[in-house]
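# okay, structure incoming, though there's no sequence with it:
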């Protein structure tokens, strides 16, 4: 052993590294290996759910999953070519206006053009976000009148879109959510689809080539394939209830980049306990010219949250560098690419990156007045304020019972 090596060995033996109070050792050379708790496959099943749907129509179908363990569900449509008008940048998000789920009673609603941008806003990995958005975009990359086939997730309270699973690249084979026991509902899950009118779906009143309708709707869903024993074990591990976010909105408000505007939002928080707000600020051209429901600005020039006359949060005209530092300290690397909306959360940080962690909640009825004083960034003159509520969904007696989650 050389003199320098011997000296280094003695030095390391005297350092705190050898005498630390750490109670977890990490293998230096051994690769850690994992395997799934259950051995199963995922297969895709499908049915032709609807035929000959039209703009403005309202239709329903039953999900024939029966006793299966089900993953994500989505619909597939081939939108026909138009001779007049163009589809919007994300065609199917506007053609489908509202999706409702009933199991004896209506337990959840999903508006694709409003809800999906908020759920995708959480994705902080640019590659992941670009891959998902490419699924929904017009195949030409811009609004067009061409025929193309698109899919649209049927987002339910059990869906992986309500988790942080999509906030980072998914490790191959690790679902980590999005599975639920359809046997608890049997054949009692009804999906209602309300299609938007032609004017709402397109840049102007559309004329379908050949005078045909919008075509058919194919339902596809994932099913777990395994031995009966493994299926039973998976069902035992699945949660008996699910918790996700729902939104109450104050839409299309005028906002200014030169002065502050006060918005009274007490009515938004009266519905249920509120964890915070998503604030979609954008130029009016996003709604009238680019036809882009994903457009939004991650920053506001200033934000003051005032409860019963007292300021409980203020940006104090913080610089971009200060805001970036606060995002980093909160575990939020900052959004890249659209959609990216400003947001505020009650609790110990207004930058709540992990949707599985609730920093604080303002209970409904806890205040008489709640005001947001907002000044937008340059060129942003429209604002949507979305209050975020936690809701609990429990499977019971072939139906789903809904309640506030406090």
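Received, thanks. As the structure is a prediction and not an experimental result, all values here were calculated from the model. Residues are numbered from 1 along each chain as shown.

# which residues of the stretch 101-250 of the chain fall in strands?
Using DSSP state E, counting those that start in this stretch, the strands of the stretch 101-250 of the chain run over 106-110, 148-153, 180-181, 190-195, 207-208, 215-225, 241-254.

# return the member of those having the minimum mean pLDDT.
Sorting those by mean pLDDT places strand 207-208 lowest, at a mean of 86.

# which strands and helices lie in contact with that one?
strand 82-84 (3 or more CB pairs under 8 Å, 6 or more residues apart in numbering; DSSP states H and E). (Glycine included, C-beta is placed from N, CA and C.)

# in the strand it packs on, what's buried?
By neighbour count, and taking 16 or more other CB atoms under 10 Å as the criterion, the buried residues in strand 82-84 are residue 82.

# could you identify the helix or strand that succeeds it?
Downstream of strand 82-84, the next assigned helix or strand under DSSP states H and E is helix 91-95.

# run through who's touching that next one.
55, 77, 79, 87-88, 112-113, 116, 136, 138, 148, 150-152, 195-196, 200-202, 214, 291, 293 (CB atoms under 8 Å, 6 or more residues apart in numbering).

# buried members of these into PyMOL, please.
The PyMOL selection below is limited to those of the contacts of helix 91-95 classed as buried (16+ other CB under 10 Å):
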select buried, resi 55+77+79+87+88+112+113+116+136+138+148+150+152+195+196+201+202+214+291+293
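
# residue 204: neighbour count?
11 (other CB atoms under 10 Å).

# do the same with residue 156
25.

# pretty sure it sits against residue 74.
No. The pair residue 156 / residue 74 is not scored as a contact, 11.0 Å apart, by CB atoms under 8 Å.

# check the gap between residue 128 and residue 389 for me.
To residue 389, residue 128 is 26 Å away according to CB to CB, to the nearest Å.

# out of those two, which sits in the busier spot?
Neighbour count, other CB under 10 Å: between residue 128 and residue 389, residue 389 has more, with 20 against 16.

# I'd assumed residue 244 was in contact with that one.
No. Residue 389 is beyond contact range of residue 244, at 9.8 Å (criterion: CB under 8 Å).

# low pLDDT regions in the stretch 201-350 of the chain?
Within the stretch 201-350 of the chain, the stretches with pLDDT under 70 are 348-350.

# again with the stretch 51-200 of the chain
In the stretch 51-200 of the chain (pLDDT under 70), the answer is 167-177.

# hmm, try it at 90
Along the stretch 51-200 of the chain, segments meeting pLDDT under 90 span 65-68, 84-86, 104-105, 121-131, 139-145, 160-179, 182-188, 198-200.

# give the contact list for the residue lying closest to residue 185 once chain neighbours are set aside.
For residue 185, ignoring the flanking residues on the chain, the nearest one in space by CB to CB, 6 or more residues apart in numbering is residue 103 at 5.3 Å. Residues near residue 103 by CB under 8 Å, 6+ apart: 185, 188-190, 398-400.

# can I get the buried part of these as one ChimeraX selection?
The following ChimeraX line selects those of the contacts of residue 103 that are buried, judged by 16+ other CB under 10 Å:
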select :185,188,189,190,399,400
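
# can you redo the contacts of residue 103 as TSV with distance to residue 33?
Formatted as TSV, these follow (distance: CB to CB, whole Å):
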residue	distance to residue 33
185	37
188	42
189	38
190	44
398	41
399	42
400	39
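
# how many residues are close by residue 370?
So residue 370, with other CB under 10 Å, has 23 neighbours.

# just list whatever residues bridge to it.
For residue 370, the beta-bridge partners are residue 307 (DSSP bridges).

# now the helices for the stretch 1-150 of the chain?
3-14, 91-95, 112-121, 126-136 (DSSP state H, counting those that start in this stretch).

# and those, which is most packed in?
helix 91-95 (a mean of 23; mean count of other CB atoms under 10 Å).

# centre-most residue in the chain?
Geometric centre of the chain, nearest residue: residue 119, 1.5 Å, by CA atoms, centre = their mean.

# which non-adjacent residue is nearest it?
Per CB to CB, 6+ apart, closest to residue 119 is residue 161, 4.8 Å.

# likewise for residue 148?
Nearest non-adjacent residue to residue 148 (CB to CB, 6+ apart): residue 139, at 4.7 Å.

# please apply the same query to residue 65.
residue 182 (3.6 Å).

# which ones are touching that neighbour?
63, 65-70, 189 are the contacts of residue 182 under CB under 8 Å, 6+ apart.

# try 7 Å
65-68, 70 (CB atoms under 7 Å, 6 or more residues apart in numbering).

# same check, this time on residue 265
For residue 265, the contacting residues are 250, 370, 372, 385, 387, by CB under 7 Å, 6+ apart.

# same check on residue 387?
247-248, 265, 268-269, 274, 277.

# ok, the residues you listed vs residue 287, which is closest?
residue 247 (18.3 Å; CB to CB).

# correct me if wrong: the closest one contacts residue 388.
Yes. Because the distance of 6.2 Å satisfies CB atoms under 7 Å, residue 247 is recorded as touching residue 388.

# show me which of the two is the more surrounded one.
A side-by-side neighbour count of residue 247 and residue 388, using other CB under 10 Å, places residue 388 first with 26 against 18.

# in a helix, that's where the more buried one is, yeah?
No. Secondary structure assignment (DSSP: H, G, I helix; E, B strand; the rest coil) places residue 388 in strand, not in a helix.

# what are the structural domain limits within this protein?
41-239, 243-397+400-404 (automatic domain parsing).

# could I get the ones you listed as CSV with distance to residue 35?
Listed next are these as CSV, based on distance: least, CB to CB, whole Å:
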stretch, distance to residue 35
domain 41-239, 9
domain 243-397+400-404, 24
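
# how about those domains, which one is nearest residue 6?
domain 243-397+400-404 (42.6 Å).

# and the closest one, how far from the chain's centre?
14 Å (CA atoms, centre = their mean, to the nearest Å).

# touching, residue 307 and residue 366? I think so.
No. Applying CB under 7 Å, one finds residue 307 not in contact with residue 366, separated by 8.5 Å.
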